[in-house]
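K.L.:
Sequence and predicted structure are below.
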Amino acid sequence: MPRHKFLNVDFGQLYPNIASAQGFKTQNAILNTTPYKPEVLIIGTFNPDDGNEAEFFYGRNRNYLWRIFENFSNNNNALNGPNHGIPQIGHIFELCTKFKLSFADLITETEVELNDYSDTLLNRECNRGQIQNNVEEIVKYICETDSIKYVYFTTKNENLRCLWQLWLNIETLVHIERSDVEFGSILTPSGMGGVDNFNGLHRAATIARYWIWVNAIPNIHPQPFPNQNGYAHLNHQWLQGCNVNINIY
């Protein structure tokens, strides 16, 4: 049965010649060991080991997450240009360190093989009881990792009711022990979030702007945009602490 590609991986052993990879390990599809104290946990759905070319979380070619974080770290350019591709794996670990990131996925295994592993099909199998969910382990990780301040889920599609309920279960259970953790859903980095690109901006640049400014209060951006179905924006204090100039996006 398809399992999570990064279920239990020691990236230092996997990439022994990449210095930045040392100290990164996953357990239960959670990046639970890092050479820093993580502040942000980003939760996705599933990374199957079935035909998946990704070297790390969000490493598939169709995903913009690492391009956006590279942009955040690269002189704060506004990302108006074309898609320049995903950074190399060594640089991804450097970005993790700079932004104090950690990752987890809701699903560790599916009981059936799927033609694709879209959230729609994963939600169907979730409804059928054909997935192994990761709620208990994610809750444990957050509650035991005092440095985690912000937790973001990479979808806001509440029609995916089974997956959405898993996310809500995590938030509810964590808040029993840690009311200080901030939860929110961000526009999906896959680019499939159903919003139009801002005029003249690349898809990745549009997502970056949403991540910083959607529903921000107060919204001081010169081109404010309306409430988008409850999307959260990335915490500004955290971004600015990582030397991101949020006002140019």
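P.N.:
Noted; the coordinates are in hand. Please read these numbers as outputs of a predicted model, since none were measured by experiment.
K.L.:
Now Ile30. Nearest residue, chain neighbours left out?
P.N.:
Ala104 (4.2 Å; C-beta to C-beta, 6 or more residues apart in numbering). The C-beta positions use only the backbone N, C-alpha and C, and glycine is treated the same way.
K.L.:
What's the separation between that neighbour and Cys143?
P.N.:
13 Å (C-beta to C-beta, to the nearest Å).
K.L.:
In terms of helix, strand or coil, where does the residue nearest to Ile30 fall?
P.N.:
Assigned with DSSP: H, G, I helix; E, B strand; the rest coil, Ala104 falls in the strand class.
K.L.:
partners of it in the sheet?
P.N.:
Beta-bridge partners of Ala104, counted by DSSP bridges, are Ile30, Ile43.
K.L.:
ok, now which ones touch it?
P.N.:
Going by C-beta atoms under 8 Å, 6 or more residues apart in numbering, Ala104 touches Ala29, Ile30, Leu31, Leu41, Ile42, Ile43, Gly44, Asn134, Glu137, Ile138, Tyr141.
K.L.:
go with 7 Å
P.N.:
Ala29, Ile30, Leu41, Ile43, Asn134, Ile138, Tyr141 (C-beta atoms under 7 Å, 6 or more residues apart in numbering).
K.L.:
how many other residues sit next to the third one?
P.N.:
What that stands for is Leu41. 24 (other C-beta atoms under 10 Å).
K.L.:
Ok, the fourth one next?
P.N.:
Counted with other C-beta under 10 Å, the neighbours of Ile43 add up to 23.
K.L.:
Let me know the distance separating it from Ile142.
P.N.:
Ile43 is 10 Å from Ile142, by C-beta to C-beta.
K.L.:
Identify the contacts common to those two.
P.N.:
With C-beta under 7 Å, 6+ apart, Ile43 and Ile142 have common neighbours Val151.
K.L.:
picking that back up, need the residues touching each of Ala104 and Cys143.
P.N.:
Joint contacts of Ala104 and Cys143 (C-beta under 7 Å, 6+ apart) do not exist.
K.L.:
if we can go back for a sec, scan the contacts of Ala104 and report the most crowded one.
P.N.:
Neighbour counts for those peak at Ala29, which has 28 neighbours (criterion: other C-beta under 10 Å).
K.L.:
From what I see, that one and Val9 are in contact.
P.N.:
No. With contact defined as C-beta atoms under 7 Å, Ala29 does not count as touching Val9 (9.4 Å).
K.L.:
For the residue nearest in space to the middle of the chain, list the residues it contacts.
P.N.:
Using C-alpha atoms, centre = their mean, the residue of the chain that lies closest to the mean C-alpha position is Ile42, 3.6 Å off. Counting by C-beta under 7 Å, 6+ apart, Ile42 makes contact with Leu101, Phe103, Tyr152, Thr154.
K.L.:
what's the helix or strand for the closest residue to the second one other than its chain neighbours?
P.N.:
By the measure of C-beta to C-beta, 6+ apart, the closest residue to Phe103 outside its immediate chain neighbours is Phe57, 4.1 Å from it. With the criterion set as DSSP states H and E, no secondary-structure element contains Phe57; it sits in neither a helix nor a strand.
K.L.:
Now do Phe57 against Gly230, distance only.
P.N.:
Taking C-beta to C-beta, one finds Phe57 at 24 Å from Gly230.
K.L.:
The two - which one has more neighbours?
P.N.:
Neighbour totals were compared for Phe57 and Gly230, and Phe57 leads with 24 against 11 (other C-beta under 10 Å).
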